[in-house]
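Novice: Mind folding the following:
(2 chains)
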Amino acid sequence: MLEVQHIREDFEGINGRLSKRGKSFEDALNKVLELDDQRKQTQTTLDGMLAEMNAISKEIGICFKSGKRDEAEALKAKTVEIKESSKQLENTLKETIEELTNALTQIPNAPHDSVPNGKTPEENEIVLSHGDMPELAHKLPHWELAEKYDLIDFELGVKITGAGFPVYKGKGARLQRALINFFLDEGLKHGYNEVQPPIFINEASGFGTGQLPDKEGQMYHMTVDNLFAIPTAEVPITNLYRDVIVKKEDFPIKNMAYTPCFRREAGSYGKDVRGLNRLHQFDKVEIVQLAHPDESYTILEEMSSYVQSLLQKLGLNYRVLRLCGGDMGFTSALTYDMEVYSGAQERWLEVSSVSCFETYQSNRLKLRFKNENGKMQYAHTLNGSALALPRIVAALLENNQTENGIEMPEVLRPYLGFDRID
RNA sequence: GGAGAAAUGGCAGAGUGGUCGAAUGCACUUGUCUUGAAAACAAGCGAGGGUCACACCUCCGGGGGUUCGAAUCCCUCUUUCUCCGCCA
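Specialist: You can find the predicted model right below:
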């Protein structure tokens, strides 16, 4: 959530930044301020009543002690009325706060100044491209390669669970395991602390990172226990710090985790979902950082470079996009997408998304630190995929195919125990 | 799954109806002393709302209730511990 105080202090700024998302939030922002004024007013009145009640109660206590029963009874009578109206006011306050929270929850994060205006993916800005486009003599798409070399069985997954839940087999399974270990080892070298979080989360966690209520329909929901399967490890890792006051000396706090991720992907269809392009279950190593607000954007650049270094080591050509306001996630202030080129499909595939959330998540999480002046302040949160496996696998299979099989990148060979798939 | 016990500030741990946002110890911060450190001594030391700043209000696991008044009594949920059962 945006901070009410920020909206109050810099209305024009925030309003302007929000408009990058391709629609106006001015009315919503005004509504928030109005509700907050209402909240303050109600609370002030209520506080006055409670103060009076407290004073009377204290007096009654003293009267009883000194034996002045009649006086005490008279005072008691006085409280009845105050109590009545304070109860009513309390309800009003509760409603106002609820309305305020709802209004605030519906406003997305304000995009960073560098975010381009725009509504569609076509308006994303290409920041840089790296590596040569693959020139392939053989252009089998990865789903055909997967079948040819018996790496991934999509049909079998349908039998076990349903579409979008592939079964990896033999060298296909080993490639998965190799990539996960490679990514974790690289993360370790870059100072990320490895954690293994639960892959089911409760409602509070979903709210903390912004999946709830915004993306409720995108998550698998186990209604019996009211738990959700994680769509990304971002949720459990970031929620490690919900209701936590961290030490500013500890910044930046760097964690990572490998987890499977689950997405319902309601509404997807066609070539987007072919093969590994879009799955209901996939594997990902996620990196998450908590940062001092002054440093978060420097750290975002570092995270972006780190993700790029992984792609370089895997020998994949890629490009980096700065997402436009309309294509950016609800909670993000600035997002870089990394895309690798799929030589056989002849299209770009998103393999990573690196974002800075400023205080949008930490406000919901109540994730704070004591700043230089001894005041509580919300930390900045950042995260990125480093990396998501399926499309990396797709690109590796397609771009490295030869007459004699599929060559594996040098860096993976120690993890794989083989050099090529044939 | 069954039975019992418990949940208080960063930690430990008092507090069973009124002046308790909460004793005490540890930890932490600052100061005195010291060449420096330790020790000792002194002061400070939870969070949120509100205010120019005070005042004031809220919070003793969550929610609800009783009462003029609740950390303290009642209900309920959650979690933890002990015992039993089951089990990778």
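
Novice: ok, A:Ser304 touching A:Thr335?
Specialist: No. At 10.1 Å, A:Ser304 does not count as touching A:Thr335 under the criterion of Cβ atoms under 8 Å. C-beta: built from backbone N, CA, C; applies to glycine.

Novice: and the residue in the stretch 151-300 of chain A that RNA strand B sits nearest to, what does it touch?
Specialist: Across the stretch 151-300 of chain A, the shortest distance to RNA strand B (Cβ to the nearest atom of the strand) belongs to A:Ile245, at 6.9 Å. By Cβ atoms under 8 Å, 6 or more residues apart in numbering, the contact set of A:Ile245 is A:368-370, A:376.

Novice: A:Leu389 now?
Specialist: Neighbours of A:Leu389 in contact, by Cβ under 8 Å, 6+ apart: A:176, A:179-180, A:282-284.

Novice: filter the residues you listed down to the ones close to RNA strand B.
Specialist: Checked against RNA strand B using Cβ under 7 Å from any atom of the strand, the contacts of A:Leu389 yield no neighbours at all.

Novice: hmm, who's touching stretch A:100-111?
Specialist: A:1-2, A:4, A:14, A:17-18, A:20-21, A:25, A:28-29, A:31-32, A:35-36, A:39, A:213-214, A:325, A:328, A:330-334, A:357-358, A:360.

Novice: Would you list the phi and psi of the residue of the stretch 151-300 of chain A closest to RNA strand B?
Specialist: Note on A:Ile245: backbone dihedrals following degrees, to the nearest 10 are phi -110, psi 110.

Novice: How is chain A divided into domains?
Specialist: What automatic domain parsing lists as the domains of chain A is A:4-105, A:121-421.

Novice: winner for burial among those domains?
Specialist: The highest mean neighbour count among these, using mean count of other Cβ atoms under 10 Å, belongs to domain A:121-421: a mean of 19.

Novice: So what would you say the end-to-end distance of that domain is?
Specialist: From its first residue to its last, domain A:121-421 covers 35 Å (Cα to Cα, to the nearest Å).

Novice: Report the distance from it to the chain centre.
Specialist: 11 Å (Cα atoms, centre = their mean, to the nearest Å).

Novice: And the helices in the stretch 51-200 of chain A, which stretches?
Specialist: Ranges of helices in the stretch 51-200 of chain A, per DSSP state H, counting those that start in this stretch, are A:69-105, A:142-148, A:154-160, A:171-189.

Novice: meant to ask about the stretch 251-400 of chain A
Specialist: According to DSSP H, counting those that start in this stretch, the helices that the stretch 251-400 of chain A contains are A:296-313, A:360-365, A:389-399.

Novice: among the ones you listed, which is nearest A:Leu156?
Specialist: Closest approach to A:Leu156 among these is made by helix A:389-399 (16.3 Å; Cβ to Cβ).

Novice: Who are the packing partners of the helix or strand just after that closest one?
Specialist: Downstream of helix A:389-399, the next assigned helix or strand under DSSP states H and E is strand A:401-402. Applying 3 or more Cβ pairs under 8 Å, 6 or more residues apart in numbering; DSSP states H and E, one finds that strand A:401-402 contacts no other helix or strand.

Novice: so who does A:Ile126 touch?
Specialist: Taking Cβ under 8 Å, 6+ apart as the criterion, A:Ile126 is in contact with A:319-321.

Novice: on that earlier part again, ranking the helices of the stretch 51-200 of chain A by mean pLDDT, which is last?
Specialist: Averaged per stretch, pLDDT over those is lowest on helix A:69-105, reaching a mean of 87.

Novice: can you list the weak-confidence ranges in the stretch 201-350 of chain A?
Specialist: A:267-268, A:271 (pLDDT under 70).

Novice: how about the residues of the stretch 151-300 of chain A that lie near RNA strand B?
Specialist: Residues of the stretch 151-300 of chain A lying near RNA strand B (Cβ under 7 Å from any atom of the strand): A:Ile245.

Novice: and with 10 Å instead?
Specialist: A:202, A:225, A:243-245 (Cβ under 10 Å from any atom of the strand).

Novice: Redo these as a markdown table? Include secondary structure.
Specialist: Converted to a markdown table, these look like this (DSSP: H, G, I helix; E, B strand; the rest coil):
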| residue | secondary structure |
| --- | --- |
| A:Asn202 | coil |
| A:Asp225 | coil |
| A:Asp243 | coil |
| A:Val244 | coil |
| A:Ile245 | strand |
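
Novice: so which two of the residues you listed are the farthest from each other?
Specialist: Using Cβ to Cβ, the pair of those lying farthest apart is A:Asp225 and A:Ile245, separated by 30.0 Å.

Novice: Give me the common contacts of A:Ser304 and A:Thr335.
Specialist: Listed as contacting both A:Ser304 and A:Thr335 by Cβ under 8 Å, 6+ apart are A:Val354.

Novice: Apart from its neighbours in sequence, what residue is nearest the residue of the stretch 251-400 of chain A at minimum distance from RNA strand B?
Specialist: Residue nearest to RNA strand B within the stretch 251-400 of chain A: A:Met376 (3.3 Å; Cβ to the nearest atom of the strand). Of all residues not flanking A:Met376 in the chain, A:Arg368 sits nearest, at 4.8 Å (Cβ to Cβ, 6 or more residues apart in numbering).

Novice: So the one you found is in contact with A:Val246, correct?
Specialist: Yes. Between A:Arg368 and A:Val246 there is a contact at 7.5 Å, judged by Cβ under 8 Å.

Novice: And the closest residue to A:Val158 other than its chain neighbours, its phi and psi?
Specialist: Spatial nearest neighbour of A:Val158, excluding adjacent residues (Cβ to Cβ, 6+ apart): A:Phe165 at 7.6 Å. A:Phe165 adopts backbone torsions of phi -130, psi 80, taken as degrees, to the nearest 10.

Novice: List the contacts of A:Phe165.
Specialist: The neighbourhood of A:Phe165, defined by Cβ under 8 Å, 6+ apart, consists of A:157-158, A:279-281.

Novice: helix or strand for A:Met49, which one?
Specialist: According to DSSP H and E, A:Met49 maps onto helix A:26-65.

Novice: That helix vs helix A:69-105, what angle?
Specialist: 160 degrees (axes from the mean of the first three to the mean of the last three Cα atoms, to 10 degrees).
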